[in-house]
Structures are given as C-alpha cells and as structure tokens.
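>>> whatever this is, show me its structure:
(4 chains)
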Number of protein chains: 2
Amino acid sequence: MDDKAEDQNNGLEPQGSVDRRVRADAQRNIDALLQSALAVFATSGVDAPVREIAEKAGVGIGTLYRHFPQRADLVAAAFRHEMDSCADAAPILAAEFAPGEALARWMQRYAAFVATKRGLATALHSGNPAFDGLPAYFQARLLPAFQTLLDSAIAAGEVRADVDANELLNAVSSLSRQTPGDDPDTARRMVALLVDGLRYRARPEGNK
Amino acid sequence: MDDKAEDQNNGLEPQGSVDRRVRADAQRNIDALLQSALAVFATSGVDAPVREIAEKAGVGIGTLYRHFPQRADLVAAAFRHEMDSCADAAPILAAEFAPGEALARWMQRYAAFVATKRGLATALHSGNPAFDGLPAYFQARLLPAFQTLLDSAIAAGEVRADVDANELLNAVSSLSRQTPGDDPDTARRMVALLVDGLRYRARPEGNK
DNA sequence: TATTATATGGAACAATGTTCCGTTTGTCAA
DNA sequence: TTGACAAACGGAACATTGTTCCATATAATA
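Residues are numbered from 1 along each chain as shown, chains lettered A, B, ... in the order given. Have a look, this model is predicted:
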C-alpha cells in the first residue's frame, strides 16, 4: 500500500526539458511528507498545522517548504494522490468482480473518498491558484475511470443505459458530503439506493 | 438605513432576569462594531482580521473581545443582523407591490443575501457552537417572512399553489451560491426563471 | 459630588504560516 | 576513490492573527 516514487511533476509544466533528476534523499522526503500529510489530514482535517506534518514525516519545516512552497500545495498534492488512488481502484475492481458489482463497489469507494474530503470543497472555491488544476485533474482521472466501469455494466446489461456519468458522480458526491452529527452510514445507504436505481428498469409492457 | 440600538441579546438566554441595562457607551461601541463588521465582511470576506474591524469601528481590540468573546460571535451577530434585514424587507415589499411582484423582488433580495454569504456555509458546518442558533434563527425569521409573501401571491392567484416554501428557499440558495469566476448575473437570471416557473400553470385541458 | 460596577485600550501571549541562511549531503567528473 | 559543488536540510526567526489580561477611564447612581 506504500507507493514509492510519487514524482513531483504537478501536471502544470510541460516537463519538456528535464532539468535534472531529483536527489534520492529529496524524493524520499517528498514521499514521507505526502504520506504524513495524508495521515494527518485524515485524522485532523485539512487545517492541521504544517509543523505536525513535518514532524510526523521526520523532516524539518524548511524541507517541507522546499518541496511544497505553500501549505496549499501540500493539500493539493495530497488530494491529487487520493484521486489517483480512487481512480486506480477502478481497473482492479473491474478485474475482480462482475461489471455491475464492480460499478457498485467503486461508487462506494468514491463516496468514501468524498466523505473524507470535507473542507476541500471550500478550499477549491477559495480562489487559491494552488488548486487551479484540480478540477481538470478530476475530469482526467476519475471521470474516465468511472465511465469505463459504467460502460461495461451497461454493455453487460446489468444497469440501464440512460444515465450520464458526470451527473452520477455529482449525485454521489452530494449524497456523501456529510454534516457533523450525521449518521456516517446514511451516505452509504443512499449510494446503495442509487445503485439499485441503476439496476432497475421498468417492465417493457405492464404498469405497476 | 442605519439601525440603532441593536440589542445584544443573542437569542440564547431567556432574558427573564434583566440583570442590568448595558451602559450607553457600551451600546454605542457594540453598534459601531457590528456596522464595521458588516462593512469589512462585505468587502474582505468573513476571514478578515478582527483588528481591522476594531480599528474601523474606532475601538480597541479589548473592547471588541469584551462584547464578542470570540471571532465567531461577531460573525454570527453580523449574519443574524443581515437575516433580520432581509426578513424585514418582506412586509415593506408587500406593502408596496402586488403580491406576485413582491414575492419576485424578495426572492431576488434573498438571492443577493445568499450570494454575499460565501464562506458562511462553511462556517455553519464548522461545528463551532457560536453558530448553533443560526439555523433555528433562519427558520424563525426568513421562512415565515417568505411564507407570508408566498401565501399572499397564491391567494391572489398569481402563482401556483403546489410548492413548498422551504424547498424554494433552498433552491434559490443553491442557485445563488456562486463560484469565483462566475457571471454574477447568472444567479439573478436563474432565480427569475424560477419565479416565472411559479407563475406558470398548465392549461386546464390541452397538452402542449 | 463621591462611589463603584462597568467598560476601555492595547500590550503581551499563543498558534501557525513562511522565510532565511549556515550546515550537511548526494552526485558526478577526474 | 576522492574532491568539488549544486542541491537539500533543519530550525531559528519573522509575520500575521486570534485571544487574554489588567491598569486606567468612565457612566450610572445615591
């Protein structure tokens, strides 16, 4: 589950001229910082102090700031990492389960992803340029991953064909954003309901 | 438009035993702070530094904290004040315009209110107890104000009868929460569309 | 007017994001 | 293998902002 060599190209510069390879120790620290950030954000939320993240990663604050010039850069990197994680789950589920089941499981996986991202919607709308690329990244990673699963399930005849992938993801996202004090299981049930909706189709002839 | 004597009962304690009247200078400063906060929040957002608000009000920070023990208390007070403002507009519009027009204008007024409140939805879900009373306050002030306008318009036969007031307010709210970079006029147009929807009714007999 | 509870202002403290810079270390050519 | 040096490191120091404290000033009252 430990992903090494998370390369630091944030998807912004064309990376045409490979200036130089990052030093091994630097790469190690970048990885450690990301892992630490993921852990700390998960437990303390995205407002956790950077010092805590640096400490948990076993590096100085100076090092943190060398790799993530602003706090928001670290948040964005962590978020991108989790999007990757979620997107990568799609082909794995597709290999292991029947199309309909893979789709259902992935939607729950996505719901879990959204649920832990409270405070991130806020960050996204903050206007901070560090988050500028994230919506595009979402489109590029999560949407195709989901679309593939959805198409397979449709092709297998396990779910109806008249739904839009983007719309569905938004719906799941809305259902999963929880208010403090909410039953955390509600979202799961609602998403499951949504999935059953996908599986349902009216009988060709009769009413009722 | 300058409302004096904004009394400092935050609607939490029963105010049964009137401990004592606030001193005149204190009341003056409370008013000045609220006005200042409204102005500063409007221009710099709810994250503006308290020092700026105190300075603009012409009082020391100590004074600010005496009346609003936490930053969030000031935010909540400002928010409550604007809800009052918005609610108070209802009877005024009702007196001046025909029921349907009054309803339409108030919905735009409410849309404007929501639009300036970016960052507040976040604050509300922050779990800070300073905001605990606000949802109830919303129910107590805005909803009845709107319900009255809506009922009048329905009674006058100017809008359809099969709509729920709460649902409508939520819809307007969703339409008005804008993302940075949005055309600020979009919300206005969408709300207008919604109002036209209220006015519409299907012809009793024919289809299309 | 004298007394006193209340209110005031702002220095000082605490938490946190960010910068700076002297020191350490990986990398590579010789 | 070794020397040179660009790159990376750590953490003290700085900046900003929320909050506390208290010596001083003032409105209310008798």
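>>> now for the longest helix along chain A, which elements pack on it?
Assignment by DSSP state H gives helix A:71-96 as the longest helix of chain A. Applying 3 or more C-beta pairs under 8 Å, 6 or more residues apart in numbering or on different chains; DSSP states H and E, we find helix A:71-96 packed against helix A:24-44, helix A:50-57, helix A:99-115, helix A:120-124, helix A:134-155. All C-beta atoms are positioned from the backbone trio N, CA, C, and that covers glycine.
>>> for that helix, buried residues please.
For helix A:71-96, burial by neighbour count (16 or more other C-beta atoms under 10 Å in any protein chain shown) applies to A:71-84, A:86-87, A:89-90, A:93-94.
>>> thinking again about what came up before, determine which of the helices and strands packed on helix A:71-96 approaches chain B most closely.
Smallest distance to chain B across the helices and strands packed on helix A:71-96 (C-beta to the nearest C-beta): 4.7 Å, for helix A:120-124.
>>> so is the closest one next to chain B?
Yes: Helix A:120-124 lies within reach of chain B by C-beta under 8 Å from any C-beta of the partner chain, at residue A:122.
>>> flag every buried residue along that helix.
A:120, A:122-124.
>>> likewise stretch A:41-48?
Counting neighbours by 16+ other C-beta under 10 Å, stretch A:41-48 gives A:41, A:46, A:48 as buried.
>>> mind checking pLDDT for the nearest residue to the first one once chain neighbours are set aside?
The reference is to residue A:41. In this structure, residue A:41 finds its nearest non-sequential neighbour in residue A:78, 5.8 Å apart by C-beta to C-beta, 6 or more residues apart in numbering or on different chains. On pLDDT, residue A:78 comes in at 95.
>>> please apply the same query to the one 10 residues further on.
Per-residue confidence at residue A:88 stands at 97 (pLDDT).
>>> list the contacts for it?
Shown in contact with residue A:88 (C-beta atoms under 8 Å, 6 or more residues apart in numbering or on different chains): residue A:145.
>>> so who does the residue most central in space within chain A touch?
Central residue of chain A (C-alpha atoms, centre = their mean): residue A:83, 2.7 Å from the mean position. Each residue near residue A:83 by C-beta under 8 Å, 6+ apart is listed here: A:113, A:137-138, A:141-142.
>>> ok, those vs residue A:162, which is closest?
Residue A:162 has its nearest neighbour among the contacts of residue A:83 in residue A:142, at 21.4 Å by C-beta to C-beta.
>>> run a quick neighbour tally on the closest one.
Residue A:142: 19 surrounding residues under other C-beta atoms under 10 Å in any protein chain shown.
>>> and it, what does it touch?
Residue A:142 makes contacts with A:83, A:86-87, A:110, A:169, as judged by C-beta under 8 Å, 6+ apart.
>>> could I get those as TSV with distance to DNA strand C?
Listed next are the contacts of residue A:142 as TSV, based on distance: C-beta to the nearest atom of the strand, whole Å:
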residue	distance to DNA strand C
A:83	22
A:86	25
A:87	28
A:110	28
A:169	30
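>>> ok, now how distant is residue A:66 from DNA strand D?
Applying C-beta to the nearest atom of the strand, to the nearest Å, the value for residue A:66 to DNA strand D is 5 Å.
>>> helix or strand: which one has that residue?
Using DSSP states H and E, residue A:66 falls within helix A:61-67.
>>> which secondary structure elements does that helix contact?
By 3+ C-beta pairs under 8 Å, 6+ apart, helix A:61-67 packs against helix A:24-44, helix A:50-57.
>>> what does chain A put close to DNA strand D?
Contact residues, chain A versus DNA strand D (C-beta under 7 Å from any atom of the strand): A:20, A:22-23, A:25-26, A:28-29, A:58-63, A:65-67.
>>> filter the residues you listed by proximity to DNA strand C?
Among the residues of chain A next to DNA strand D, DNA strand C is touched by A:23, A:25, A:61-62, A:65 when using C-beta under 7 Å from any atom of the strand.
>>> report whether the worst-scoring helix or strand of chain A on mean pLDDT contacts DNA strand C.
Lowest mean confidence among the helices and strands of chain A (mean pLDDT, DSSP states H and E): helix A:120-124, at a mean of 75. No: counting by C-beta under 7 Å from any atom of the strand, DNA strand C is not contacted by helix A:120-124; separation bottoms out at 12.3 Å.
>>> how far does that helix sit from the chain's center?
Computed by C-alpha atoms, centre = their mean, to the nearest Å, the chain-centroid distance of helix A:120-124 equals 13 Å.
>>> which secondary structure elements does it sit against?
Counting by 3+ C-beta pairs under 8 Å, 6+ apart, the packing neighbours recorded for helix A:120-124 are helix A:71-96.
>>> swap in 10 Å and give it another go.
Helices and strands touching helix A:120-124, by 3 or more C-beta pairs under 10 Å, 6 or more residues apart in numbering or on different chains; DSSP states H and E, are helix A:71-96, helix A:134-155, helix B:120-124.
>>> now do the contacts for residue A:48.
Neighbouring residues of residue A:48 by C-beta atoms under 10 Å, 6 or more residues apart in numbering or on different chains: A:37, A:39-42, A:56, A:71, A:75.
>>> least confident of those residues?
Scoring those by pLDDT puts residue A:42 last, at 90.
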